[in-house]
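In: everything below, folded, please.
(3 chains)
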Amino acid sequence: MAARSATSMRVRAGDGQPQGGFTALVTSLPGLIIARLLILAVFLLFWEYASGTLISRFWVSAPSAIFGMLVTWFTDGSIWPHLEATLLAMGVGYLIGCGLGVGCGLMLGFLPMVQRIVMPYVSGLYALPKIALAPLLVIILGIDIPSKIALVAITTMFLLLYSTLDGIRDVDRDLVQTLRLMGATRAEIIRKVLIPATLPWIFTGMRVAVRYAFTAAVLGELIAANQGVGYLIEANAGLYDATGVFAGVFIIVVFSVAMTELLTRVEGRRAPPA
Amino acid sequence: MTGRSVVSTDQAVRTKAGERRAVLVWQIAFGLGALALWELTGRVFGSTWTSLPSQIAQRLLLWGGTDLFRHVYVTLTEVFVGLALGTVAGVVAGLALGRTQTLALVLRPIIVTLYSVPLVTMAPLLILWFGLEMESKIVLVTVVVFFLMFFNTFAGVQSIDPLLVTTLDLMGATTLERYRKVIAPAAMAWIFSGIKIALPYALSAATTGELLGGSYGLGTLLSRAGSQFDMTGLYTALIVLLVIGILLSEGVAFVENHLLRWRHVAE
Amino acid sequence: MEPVSAALPEKINFSGVGKTFFVRGTEVQALQPIDLAVRAREFVALVGPSGCGKSTLLNLVAGLLQPSEGSVTYDGKPVQGLNFRVGYMTQKDTLLPWRSAADNIGVSLELHCRSVSKAERAERIAAMVDLVGLSGFENHFPGELSGGMRKRVALARTLIYEPETLLMDEPFGALDAQLKLVMQDQLQRITQDRKMTVLFVTHDLGEAIAIGDRVVVFSGRPGRIRAIRDVTLPRPRDVFRMRFSEEFSRLHEELWDELKDEVVKGTDI
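Out: Okay, the predicted model is just below:
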């Protein structure tokens, strides 16, 4: 094996890329998948082995225990209320935030003078970590879902406000001039140029905002809540139960990856035909 | 340049400056008006929920005399130490993986996974491991910054125009000169834009960690005020955090404008 | 001044040079085997439709590519590795975006192998800035300059270290018509003064005749030499007026006949 890889290294050296047996393995698709699965397997096995021998189970739990806990959560159904709470807070907050953000963005975009006066304050507020609002929202709206909805909505609103404004700023001025010369009224310009030209920006903003909405929902639940995936993690952390924390984190990881995958697909479909 | 220009442009410049001054006046008026409205509605309809600007100002003075600065110091330490550690590690890892394509290919699913997960939600785990004090928050900030810098560097390495390198090579540049004249300045640009992106995340991560527990830091101050239903304290802490957020983002923009002026003039 | 004497030694020689690329597993012939000899201090203009392998020729001389067949020699020796005796002005201006125009022009003089004193560097940069007409823009970044100005910075950067051979790939393509003439005029003066050898790629036949000692017309892909003509117009030439001369018109007509088939054949120029 060693001899073979040495040969392949020499033969391909001319391409300017060092190539070894490892490279030869991963250049084929099945080989690549095997290499990836191998890394995952080694990682999990090492974790399982190290837990209880190299380091106390108390700190790192173990893959088998985490898997067991996940199975329990799903079989006894105790996970569903939490998932539901998180997704509800995320979804409702997202929709409200998108509406407010686009609304405010269009308003400020069509009133340039107001925009110039208000924007320094908006970008100032934007510099505040949104999560810092959680305690305030909990006091005003209570520990239940509405305070999480508000946090998600505020986070989403800022993102959409900015992407809408970017979209309006990006509108071709010459195009507007040309239409004005053709005799278009202000309302017609807004309807026929500004809004269609801004739409792609709004969609991009909406796509980006999904992840932030999810993060905001989970963080809100971490800080203060009585249900939700974030609450589940924080409650287990409070009990010093690493298994529960990891199981919760695992759910977040799976959900995030699925979401990213979905959004990438949507993006691919929306791409303009070449 | 405008000093010797013809009268008409001179006038245009003057009206523009005048307009800018008018906008500034309106901006200040808007801010003061909002504060006055806040104070007034609070006094007329009760200030249980909204507190009052005057009370917040008093609280700020009161805290300024005690340990407000210690809270600020702790939060900023977490942000900057985490930022420094995360940046160094992220840039090194990004450079290393950006140049070894094979390893990057194999690790791709892991990279993609870590990219899509909001790492700040790992805060409880890190607090479990590293305790409630500064260490856990520094680790949290480091982790968040690390991945942002890593992705930025990883993409940056692959975006250097090979023609720039070739041009210098043909002039007879040595490997060291190639790094000093092309790679390093190009890297500066993306490292800096990475820091600019990472800074708000770092502040957010530190705050999140502090909200979950600790004895000092602005997040701690917030959660303490919250648990005592102390609205004035809550707003005061929020305003301090807001000011820090603004100063950090303005600061990084200022440094960027000076260090990377060439990037802005292109637009 | 008389045209370059044929007695001067040979500088660059292509003998049976062909180049084939592999694009996603399929073979694409960029250059059919060609023979061409370039004498020292000669100004050779290569003209032909886009994608006929002219740039490939320059890359071969610079040592950025190796020929698939035949051999390229420089001063009688095969080109192996990078050829540090050429200055290469690529089609895309490869300015360093973080350096001002002046610092871009002077970058070669900062390198160890060409290093000069700071004072001399400043002096030579100033002379170059003056020469290419960039006075007042020395401290602008590439991002602040127009396409034409960037080209001039790239030209100055290539000329400043006085390489004995210049490889130029459509250097004036992006310039407006007037500026193009000014730059052609300056280029022929400089290369004459400094006794440089030049390989100049263009798709503008008029430009090729105006500044070349010899014009080589290429056919479309795969590239091959279609015609070679000497331009016997005396130097220094007046690029502004020579277009009305009889020899210019005659050469233009003659070579255009060769080129136009290719232009029509090729989809892009």
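In: next one: the closest residue to chain B within chain C from B:Glu177, what distance?
Out: Chain B sits closest to C:Gly143 of chain C, with a gap of 3.1 Å, by C-beta to the nearest C-beta. From N, CA and C alone the C-beta is placed, and that goes for glycine too. Distance of C:Gly143 to B:Glu177, given as C-beta to C-beta, to the nearest Å: 24 Å.
In: count of residues packed around the residue of chain C closest to chain B?
Out: By the measure other C-beta atoms under 10 Å in any protein chain shown, the count of residues near C:Gly143 is 16.
In: relative to B:Arg263, how far out is it?
Out: In this structure, C:Gly143 and B:Arg263 are separated by 7 Å, where distance is defined by C-beta to C-beta.
In: cool, and A:Thr185?
Out: 40 Å.
In: show me the shaky parts of the stretch 1-150 of chain A.
Out: Judged by pLDDT under 70, the stretch 1-150 of chain A has its weakly predicted residues at A:1-27.
In: kindly recompute the last result at 90.
Out: Judged by pLDDT under 90, the stretch 1-150 of chain A has its weakly predicted residues at A:1-40, A:51-62, A:77, A:109-113.
In: mind listing the helices for it?
Out: According to DSSP state H, counting those that start in this stretch, the stretch 1-150 of chain A carries its helices in the segments A:2-11, A:21-26, A:29-50, A:57-60, A:63-75, A:80-110, A:112-126, A:134-141, A:145-170.
In: counting by contacts, list what the shortest one packs against.
Out: In terms of contacts (3 or more C-beta pairs under 8 Å, 6 or more residues apart in numbering or on different chains; DSSP states H and E), helix A:57-60 is packed against helix A:242-270.
In: so does the helix it packs on get close to chain B?
Out: Yes. Under the criterion of C-beta under 8 Å from any C-beta of the partner chain, helix A:242-270 makes contact with chain B via A:Ala242, A:Val245, A:Phe246, A:Val249, A:Ile252, A:Val253, A:Ser256, A:Val257, A:Met259, A:Thr260.
In: so what pLDDT did the second one get?
Out: So the one you mean is A:Val245. Per-residue confidence for A:Val245 comes out at a pLDDT of 92.
In: OK, now which residue of chain C is nearest to chain A?
Out: Across chain C, the shortest distance to chain A (C-beta to the nearest C-beta) belongs to C:Gln66, at 10.0 Å.
In: quick one, phi/psi of C:Ile12?
Out: Backbone dihedrals for C:Ile12, given as degrees, to the nearest 10, come out at phi -120, psi 140.
In: how about it, what does it touch?
Out: C:Ala37, C:Val38, C:Val61, C:Val72, C:Thr73, C:Tyr74, C:Thr165, C:Thr197, C:Leu199 (C-beta atoms under 8 Å, 6 or more residues apart in numbering or on different chains).
In: among the residues you listed, name the buried ones.
Out: Burial by neighbour count, judged by 16 or more other C-beta atoms under 10 Å in any protein chain shown, picks out C:Val38, C:Val61, C:Val72, C:Thr73, C:Tyr74, C:Thr165, C:Thr197, C:Leu199 from the contacts of C:Ile12.
In: pull out the buried positions in the helix or strand hosting the first one.
Out: Element membership of C:Val38, judged by DSSP states H and E, is strand C:26-39. Applying a neighbour-count criterion of 16+ other C-beta under 10 Å, the buried positions in strand C:26-39 are C:Gln29, C:Ala30, C:Leu31, C:Gln32, C:Pro33, C:Ile34, C:Leu36, C:Val38, C:Arg39.
In: which helices and strands sit right next to the following helix or strand past it?
Out: Tracing the chain past strand C:26-39, the next element assigned as helix or strand by DSSP H and E is strand C:43-47. When contacts are defined as 3+ C-beta pairs under 8 Å, 6+ apart, strand C:43-47 packs onto helix C:54-62, strand C:197-202, helix C:205-211, strand C:214-218.
In: any chance you could list what contacts strand C:43-47?
Out: Strand C:43-47 is touched from outside by C:4, C:36, C:38, C:54, C:57, C:188, C:191, C:197-205, C:207-209, C:211-218, C:255, C:259, with contacts defined as C-beta under 8 Å, 6+ apart.
In: quick one: it to strand C:197-202, angle?
Out: Note on geometry: by axes from the mean of the first three to the mean of the last three C-alpha atoms, to 10 degrees, strand C:43-47 and strand C:197-202 are set 20 degrees apart in direction.
In: strand C:43-47 pairs with which strands, parallel or anti?
Out: Here strand C:43-47 is paired, per DSSP bridges, with strand C:197-202 (parallel), strand C:214-218 (parallel).
In: pull out the buried residues from it.
Out: Buried residues in strand C:43-47, counting neighbours by 16+ other C-beta under 10 Å, are found at C:Phe43, C:Val44, C:Ala45, C:Leu46, C:Val47.
In: got the domain ranges for the chain?
Out: Using chain A here. Taking automatic domain parsing as the reference, chain A has its domains at A:14-50, A:70-270.
In: if you could check chain C rather than the one you did, that'd help
Out: Residue ranges for the structural domains of chain C, counted by the TED database, are given in the record as C:10-85+C:164-266, C:94-163.
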